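Asks: Model the structure of this input:
(one chain, ligands or ions: 2)
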Amino acid sequence: MLKTVIVGASGYTGAELTKMVFLHPELELSGLYVSENSVDANKSIGDLHGALKGLVDLPLQPLKDVSTVAKAADVVLLATAHEVSHNIAPTFLSEGCKVFDLSGAFRVQSDSFYTDYYGFEHQYSEWLEKAVYGLAEWNEADIAKADLVAVPGCYPTASQLALKPLLDAGLIDTQQWPVINAVSGVSGAGRKASMTNSLCEVSLHAYGVFTHRHQPEISTHLGCDVIFTPHLGNFKRGILATITAKLAEGVSETQVTEALEKAYENKTLVRPLGSGQSAKLQSVQNTGFCDIGWSVKGQHVILTSAIDNLLKGAASQAMQCINIRFGFSPLTAIV
Ligand SMILES: NC(=O)C1=CN([C@@H]2O[C@H](COP(=O)(O)OP(=O)(O)OC[C@H]3O[C@@H](n4cnc5c(N)ncnc54)[C@H](OP(=O)(O)O)[C@@H]3O)[C@@H](O)[C@H]2O)C=CC1
Ligand SMILES: CC(=O)N[C@@H](CCC(=O)OP(=O)(O)O)C(=O)O
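Replies: Ligands and ions are numbered 1, 2, ... in the order given. Prediction:
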C-alpha cells in the first residue's frame, strides 16, 4: 500500500480525492492537510463534507512542517492554490515523494508564463522542466515515469480532448484559430465564499476575455493558437465547451468521426458520442467521463465537450495519472 497524503483536503477537489483514495485498494490514506492557520484545522473531514461521514473521519491537520510530512509519504496530492503548490511541491519531491499537483504551478514550461498569467515568479525551473503534463489519455508514456505530474486545468481538459484528435490527424485549418466558448459551474472557483462565486449572485456571463490563463495552457499543449472565452453559469458543477473550427480543404464528416473514434477506441473515460450528437452536462456530472459530440457543415466543425470540472477536470484525472504511474488498472477508484 502506498502512503498517500492530500494537501488541501477540505476543498472541493480535495474532498473528491479523499473519497477516491479511500476507495483505492492500493493506496492508504495517511494524512489530510489544510493550511497552518486554517479555520478548519483539526475538524473531521466528514463534518465538512457530509458525503464522507462514516467513511473517512480523519482530521484535517494543519500543515506545519512539510519535510516531516514528506518523509512519511509515498504519494502526495496537492489540491492547493497555484502558489501554495509551487512553494511546497519541491520539498515533497526532494524527499522522494511522487507528486500529483492539481494546480497550474507546473503546467507550462516557461518562466514568463507565471509572471504574465499567475502573478508570481517561478522559482523552480528545474522542476518545471521535469514536470509531466497529465492529460491522461494522451501522455501515458511520460506519466508512467514521472516524479511530478501537473494535472491539466478543467477548461484545458475539456478543450484539448475534443480538439487534439483532429489536430493530430491534420484535419484542422489552423490558419483560422479554433474558437472555444466554455461554461463552468461555480465549484470551478473553489470552496471559499466570494461574491463572484456565490450561486445567488452568478448569472451567465463571460469572464477573463482574452486574458484567462487557460488560453496559453491550451495553445501550448495543442501546439495551435486558439481563442478561448470562459463563462460562469449558475449551476454547481460541470463544464460544457462548444468549439468551432475550420476544417482543412476537402476534409469530410467521416474523417472527423474516424479521427475521434480512433483516438478514444480503448479509452473508456472519453466517450465520442457520434456525429450530430451534442454532449451534455447531465451525463457527466459526478463522473470521470468526458463526452464529445460533433457536427460538420461545409468546411466547419462544431464540437461539444462535457466534463465534471472537479473530477475529469481535476481529481479523477489525477487518479488516472496515479493509476498510470504505478501500473494499477486504469479505472481503479474512478468507475
Ligand atoms: N475547482 C475546480 O474545478 C478545479 C480546481 N483546480 C485546481 O485545484 C486546486 C484546488 O482547487 P479547489 O479544490 O477548487 O480549491 P478550494 O479552494 O476548494 O480548496 C483549497 C484547499 O487548499 C487549502 N489550503 C489553502 N492554503 C493552504 C496552504 N498554505 N497549505 C495547505 N493547504 C492550504 C484550503 O484549506 P484552508 O484554506 O482552510 O487552509 C483548502 O483545503 C487549485 O489549484 C485549483 O486551481 C483544477 C481544476 C479544476
Ligand atoms: C469557474 C472558475 O472560476 N474556474 C476557474 C478554473 C478552475 C481550474 O481549472 O483550475 P486551474 O486554476 O487549476 O487551472 C477559473 O476560471 O479560474
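Asks: Residue 196 touches residue 189, doesn't it?
Replies: Yes - between residue 196 and residue 189 a contact is recorded at 6.9 Å, counting by C-beta atoms under 8 Å. Every C-beta, even on glycine, is put in place using the N, C-alpha and C of the backbone.
Asks: between the two, which one's more packed in?
Replies: residue 189 (17 against 11; other C-beta atoms under 10 Å).
Asks: How about that one, nearest residue that isn't a chain neighbour?
Replies: Counting by C-beta to C-beta, 6 or more residues apart in numbering, residue 197 is the residue found nearest to residue 189 once chain neighbours are left out, at 3.9 Å.
Asks: That neighbour against residue 186, yeah?
Replies: Yes - taking contacts as C-beta under 8 Å, residue 197 lies within contact range of residue 186: 4.7 Å.
Asks: okay, and the common contacts of the two?
Replies: Between them, residue 197 and residue 186 share the neighbouring residues residue 232, with contact defined by C-beta atoms under 8 Å, 6 or more residues apart in numbering.
Asks: more neighbours, these two?
Replies: Ranked by neighbour count (other C-beta under 10 Å), residue 197 and residue 186 place residue 186 first, with 20 against 17.
Asks: ok, that one touching residue 195?
Replies: No - the pair residue 186 and residue 195 fails to qualify as a contact (C-beta under 8 Å) at a distance of 11.5 Å.
Asks: Quick check: longest helix in this protein by residues?
Replies: Among the elements of type helix in the chain, defined by DSSP state H, the one spanning the most residues is helix 154-168.
Asks: Return the lowest-mean-pLDDT helix or strand in the chain as CSV; C-alpha atoms alone will do.
Replies: Comparing every helix and strand of the chain by mean pLDDT, DSSP states H and E singles out helix 111-117 as the least confident one, with a mean of 93. Extracted in CSV, the C-alpha atoms of helix 111-117 (Å, rounded to 0.1, in the frame of the first residue of the first chain):
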residue,chain,number,x,y,z
ASP,A,111,9.1,31.1,-16.5
SER,A,112,7.5,34.2,-18.0
PHE,A,113,4.1,32.4,-18.3
TYR,A,114,3.9,32.5,-14.4
THR,A,115,4.7,36.2,-14.1
ASP,A,116,2.3,37.1,-17.0
TYR,A,117,-0.6,34.9,-16.0
